[in-house]
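S.K.: quick one: sequence and predicted model below, then my questions.
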Amino acid sequence: MIRCPAFVLAFGAASIVTAQDYYESFVSPMYIRGVWNDQPILATTGKNQVVLDYETATFHISFDPSDLRTGIAQLDSVLITRRNQPVVITGKFQNVSTLQTRDHPPTDYKVEGRLSEKTTSKSYTGKARMEHIFAGRYACLLDIDFAVPVKDLGLERTFPGLSGYLTFYIRQSLLRRATD
């Protein structure tokens, strides 16, 4: 079975939150892929929040599922009822204490974290790749991907016909530090 990238945050508006430790974006597009009634589906939104802490090599992503749209009326009507029930994805880059934004070769990482939704929380393991770019205030492109079984989140009860995995793929541009 081929797993397709599913959760994308691409070149969103980024801003410095505090000093040089945290970076935050609010309007990156997001895509979540899954399988519903044996057909591939794609949910999208442009409303989410990403906070990346360079000093601790951690990230925090949150979104409201009611902002997701699939183009399938039956699914969208259920998503709308989930207003103010945020989904939170937290994670840590393994075997590294900080994220380097200075010139470096492409670097692969293992990431571990939790995906939490309403009363359910599931750990995940995935992979990440950071590649240095030369683009003004941006220093790097970061890709993160991981998959979580639908059953582990109990979503097959909320969305009958949803099966397999939700595969997440995150792409985020990273700001250059003022000291770089």
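M.R.: Done, it's in. Model, not experiment: these values are computed from the prediction. Numbering: from 1, shown residues only.

S.K.: which outside residues touch the longest helix along the chain?
M.R.: Criterion DSSP state H: the longest helix present in the chain is helix 73-80. By C-beta atoms under 8 Å, 6 or more residues apart in numbering, the residues outside helix 73-80 that reach it are 36, 41, 43, 65, 66, 68, 69, 70, 158, 159. Using the backbone N, CA and C atoms, a C-beta is placed for each residue, glycine as well.

S.K.: hmm, the third one is touching residue 69, no?
M.R.: Yes. Contact between residue 43 and residue 69 holds when scored by C-beta atoms under 8 Å: they sit 6.6 Å apart.

S.K.: one step back: lowest pLDDT pick from the contacts of helix 73-80?
M.R.: Lowest pLDDT of the contacts of helix 73-80: residue 158, 80.

S.K.: residue 132 versus residue 101, what's the distance?
M.R.: According to C-beta to C-beta, to the nearest Å, residue 101 stands 8 Å off from residue 132.

S.K.: those two: who's more crowded?
M.R.: Ranked by neighbour count (other C-beta atoms under 10 Å), residue 101 and residue 132 place residue 101 first, with 21 against 18.

S.K.: quick check: pLDDT value at the closest residue to the more buried one other than its chain neighbours.
M.R.: The shortest distance from residue 101 to any non-neighbouring residue, by C-beta to C-beta, 6 or more residues apart in numbering, is to residue 139 (3.8 Å). For residue 139, the pLDDT comes out at 74.

S.K.: and whichever strand or helix holds residue 139, which strands flank it?
M.R.: Residue 139 belongs to strand 138-149 when assigned by DSSP states H and E. Paired neighbours of strand 138-149 in the sheet (DSSP bridges): strand 120-135 (antiparallel), strand 162-175 (antiparallel).

S.K.: comparing the ones you listed, which comes out most buried?
M.R.: strand 162-175 (a mean of 21; mean count of other C-beta atoms under 10 Å).

S.K.: circling back: list just the nearest of the contacts of helix 73-80 to residue 92.
M.R.: residue 65 (23.9 Å; C-beta to C-beta).

S.K.: ok, the closest one touching residue 87?
M.R.: Yes. Contact status for residue 65 versus residue 87: in contact at 5.8 Å, counting by C-beta under 8 Å.
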